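Participant: Predicted model and sequence below, questions to follow.
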Amino acid sequence: MSRTIIIVGGVAGGASAAARLRRLDEEARIILFERGEYISFANCGLPYYIGGTIQDRENLLLQTPQGFRARFNVDVRVQQEVVSIDRQSRRVEVMDHANGKRYWETYDKLILSPGAEPIRPPLEGIDSSRIFTLRNIPDMDRIDAYIRENHPQRAVVVGAGYIGLEMAENLRDRGLLVAVIEMVDQVMPVLDKEMAWYVRHHLEDKDVSVWLEDGVAGFEEVPSGLHVHLKSGMQLSCDMAILSIGVRPEVELARQAGLKIGPRGGIAVNGRLETNDPNIYAVGDAIEVEDLVFGGPTLIPLAGPANKQGRMVADIMCGHERQYNGSQGTGILKVFDLAVAMTGASEKQLRNKGIDYEKLYIHPAHHVGYYPDAATMHIKVLFDKKGRILGAQIVGHEGVDRRIDLLAVAIRMGMTVYDLQELELAYAPPFGSGKDAINMVGFVGANILDGTMPSRHFDALDPEDFILDVRTKGEYEQGHVPGTVHIPLNELRSRLDELPKDKTICAYCAVGIRSHTACRILNQSGFEARNLGGGYLMYCAFTNHEYDETESFERLKKEFCTGL
């Protein structure tokens with residue numbers, strides 16, 4: 001007799017599991033319950049429909065219920081919500097929202113893929129029809145319809161994470177002025193602060209105003225639109241607001257069924273994606289997974305892991321030996337013309353966990369400089385004292401996706417900076433360099449570890465350090481670190497007598513290449529010298545250079561702030 005497998009929730013995890021199950025087991029009775037209308041849609045594409053980049057709404061619907069039934073012979077039941085689980089009898093209670101009736105359906109195996117829901121804090125005025133979240137197709141339709149019908153001029157986006165910045169871009173593309181509010185002291189909190197500096201700089205270049213270290217105290221509908229009251233006392237005036245302050249796993253169904261909830265608030269599963277009930281599995285944004293870098297449970301609400309988990313749970317249920325070994329949080333984000341990517345651990349995570357580490361910054365072009373349109377990438381890589389790569393962040397215009405993927409593979413495979421030196425990567429002038437950026441990460445990391453390039457960073461300078469600028473006179477006059485001594489690199493050998501031998505000399509240039517040469521000269525001439533990683537560009541990032549009430553910010557502030 002064929003078995004019955006029930007799947008709760010579609011989209012990435014549930015739909016992937018259903019399709020893979022049918023490919024492996026033609027006889028199983030597979031029922032997929034989805035409380036909404038859509039079982040499989042491209043949720044990552046939703047902001048780009050609002051912005052107009054994706055113009056055909058149907059392109060976002062990856063599978064319709066009818067198409068899924070026809071191709072995979074899966075009993076798809078949309079607008080039907082599983083509201084309780086009777087584990088002892090192995091059955092689920094279903095609410096059919098179309099007719100308001102409830103019924104029971106039995107199972108042999110159950111897969112939970114409920115996903116995550118946007119956080120909507122209990123703030124005054126938060127139920128206003130002018131306030132939106134974006135998680136699914138109906139959310140997208142509501143935002144699009146509101147813009148088409150009401151022609152708003154100004155929008156406030158609450159939260160500067162993935163969805164918040166994607167919405168900021170796409171609302172600007174739709175012609176609105178946009179302000180972004182973020183409680184912490186940087187945009188993209190998943191990044192380290194100095195890497196987020198590039199993103200904020202780009203946002204303000206695109207006329208997006210950014211309020212940091214401030215939160216929303218409440219909302220107020222007024223005849224002219226919507227007032228957003230901030231905790232600082234500031235009041236912003238807009239026509240609509242987008243809440244993008246994060247998501248939390250939907251676990252209430254699992255909790256009520258007595259399934260174990262982990263310390264991070266997600267459904268606890270083992271390496272086989274089993275819950276504490278051997279007949280119930282769980283996948284996707286609702287589960288806790290093993291942190292690939294640190295070990296221990298973590299939440300990774302990303303489409304890539306959810307898709308792989310859906311496929312894997314089907315394999316496991318059909319007798320294949322599979323093990324989910326964890327997630328590392330590899331992600332990439334488009335912010336106007338920038339690509340912002342990360343994988344593995346951040347520096348703030350390493351610090352919080354007390355892990356000893358090294359770091360490096362490089363700023364290579366995405367292909368050789370003599371070929372037209374070479375674009376700079378800002379790369380940060382974290383590694384342990386043995387060279388094992390722990391995390392990476394990249395901000396740039398071109399070539400970011402390729403490099404973050406290589407570094408993600410390196411973390412997954414336990415590679416070191418020494419290994420990166422040896423990688424043989426495809427090269428032609430339009431695509432890269434003979435010494436690819438990934439090879440350069442290896443060269444710089446190895447130099448730091450073997451003592452060829454002793455380093456220091458602008459966030460760890462000692463007051464007694466002697467700071468040396470080895471750039472050209474023109475570069476120095478355009479801006480420099482206060483209190484530095486300027487000796488251009490090409491004059492350094494003839495002016496060594498101007499430098500102290502009783503202090504640590506920390507040298508910098510624009511990006512760290514010339515200062516490395518300067519340190520090699522100095523260290524072989526009886527001085528103690530260290531290279532300031534990433535050069536003057538990183539000094540600007542560490543000190544939030546150019547962000548003391550810029551002209552752009554002042555102009556945009558007047559667009560949103562009432563009473564000015």
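Facilitator: The structure has been received and is ready for your questions.

Participant: give me the element residue 221 is part of.
Facilitator: For residue 221, the host element (DSSP states H and E) is strand 216-222.

Participant: need the next SSE after that strand, C-terminal direction.
Facilitator: Downstream of strand 216-222, the next assigned helix or strand under DSSP H and E is strand 225-230.

Participant: Each with direction, which strands does that following strand pair with?
Facilitator: strand 216-222 (antiparallel), strand 235-238 (antiparallel) (DSSP bridges).

Participant: Could you say which of those strands is packed most deeply?
Facilitator: Across the strands paired with strand 225-230, averaging neighbours per residue (mean count of other CB atoms under 10 Å) puts strand 235-238 on top, at a mean of 20. C-beta: built from backbone N, CA, C; applies to glycine.

Participant: Residue 205 - how many residues pack around it?
Facilitator: 12 (other CB atoms under 10 Å).

Participant: If you could redo that for residue 98, that was the one I meant.
Facilitator: Residues near residue 98, counting by other CB under 10 Å, number 10.

Participant: and what of residue 323?
Facilitator: Residues lying near residue 323 (other CB under 10 Å) number 11.

Participant: so who does it touch?
Facilitator: If you count contacts by CB atoms under 8 Å, 6 or more residues apart in numbering, residue 323 has them with 271-272.

Participant: Find me the pLDDT at it, would you?
Facilitator: Note for residue 323: predicted pLDDT of 94.

Participant: cool, residue 68 as well?
Facilitator: On pLDDT, residue 68 comes in at 85.

Participant: how much space between the closest residue to it other than its chain neighbours and residue 268?
Facilitator: Nearest in space to residue 68, with sequence neighbours left out and distances taken as CB to CB, 6 or more residues apart in numbering, is residue 76 at 5.2 Å. To residue 268, residue 76 is 28 Å away according to CB to CB, to the nearest Å.

Participant: How about residue 149?
Facilitator: Taking CB to CB, one finds residue 149 at 45 Å from residue 268.

Participant: cool, residue 258 as well?
Facilitator: Per CB to CB, residue 258 is found 12 Å from residue 268.

Participant: Can you pick out the residue with more neighbours from those two?
Facilitator: Neighbours were counted for residue 258 and for residue 268 using other CB under 10 Å; residue 268 has more, 19 against 11.

Participant: does that one really touch residue 254, like I thought?
Facilitator: No: using CB atoms under 8 Å, residue 268 and residue 254 do not qualify as a contacting pair, with a distance of 9.2 Å.

Participant: Can you check which residues contact both of the two?
Facilitator: Common contacts of residue 268 and residue 254 (CB under 8 Å, 6+ apart): 261, 275.

Participant: which residues does the residue lying closest to residue 35 once chain neighbours are set aside contact?
Facilitator: Ranked by CB to CB, 6+ apart and with sequence neighbours excluded, the top spatial neighbour of residue 35 is residue 81, at 3.7 Å. Residues near residue 81 by CB under 8 Å, 6+ apart: 33, 35, 94-95, 97.

Participant: Doesn't residue 81 belong to a helix?
Facilitator: No: applying DSSP: H, G, I helix; E, B strand; the rest coil, one finds residue 81 to be strand, outside a helix.

Participant: Show me what it is bridged to.
Facilitator: With DSSP bridges applied, residue 81 shows beta-bridge pairing to residue 95.

Participant: so who does the nearest residue to residue 39 once chain neighbours are set aside touch?
Facilitator: Nearest residue to residue 39 in three dimensions, chain neighbours excluded: residue 10, at 3.5 Å (CB to CB, 6+ apart). Going by CB under 8 Å, 6+ apart, residue 10 touches 18, 32, 34, 38-40, 76, 113.

Participant: Local confidence estimate at the closest residue to residue 75 other than its chain neighbours?
Facilitator: Residue nearest to residue 75 in three dimensions, not counting chain neighbours: residue 31, with 4.5 Å by CB to CB, 6+ apart. pLDDT, residue 31: 96.

Participant: what does the one 5 residues further on give?
Facilitator: Among the per-residue scores, residue 36 holds a pLDDT of 86.

Participant: cool, residue 302 as well?
Facilitator: With respect to pLDDT, residue 302 scores 88.

Participant: what does residue 549 give?
Facilitator: Here the pLDDT value assigned to residue 549 is 47.

Participant: Quick one: list the elements packing against the helix or strand hosting residue 164.
Facilitator: Assigned by DSSP H and E, residue 164 belongs to helix 162-173. With contacts defined as 3 or more CB pairs under 8 Å, 6 or more residues apart in numbering; DSSP states H and E, the packing partners of helix 162-173 are helix 46-51, strand 154-158, strand 177-181, helix 193-205, strand 208-211, strand 240-243, strand 331-335.

Participant: who touches the last one?
Facilitator: The set of residues external to strand 331-335 that reach it, using CB under 8 Å, 6+ apart, is 162, 165-166, 168-169, 188, 190, 199, 202-203, 302, 339-343, 400-401, 404.

Participant: Apply the buried test to these and list what passes.
Facilitator: Among these, those buried by neighbour count (16 or more other CB atoms under 10 Å) are 162, 165-166, 168-169, 188, 190, 199, 202-203, 302, 339-343, 400, 404.

Participant: from what I can see, residue 138 looks like it's in a helix, true?
Facilitator: Yes: the assignment for residue 138 is a helix, going by three-state DSSP.

Participant: just checking, it touches residue 36?
Facilitator: Yes: counting by CB under 8 Å, residue 138 touches residue 36, with 7.0 Å between them.

Participant: Which of these two has more residues huddled nearby?
Facilitator: Remark: of residue 138 and residue 36, residue 36 carries more neighbours, 17 against 11, as counted by other CB under 10 Å.
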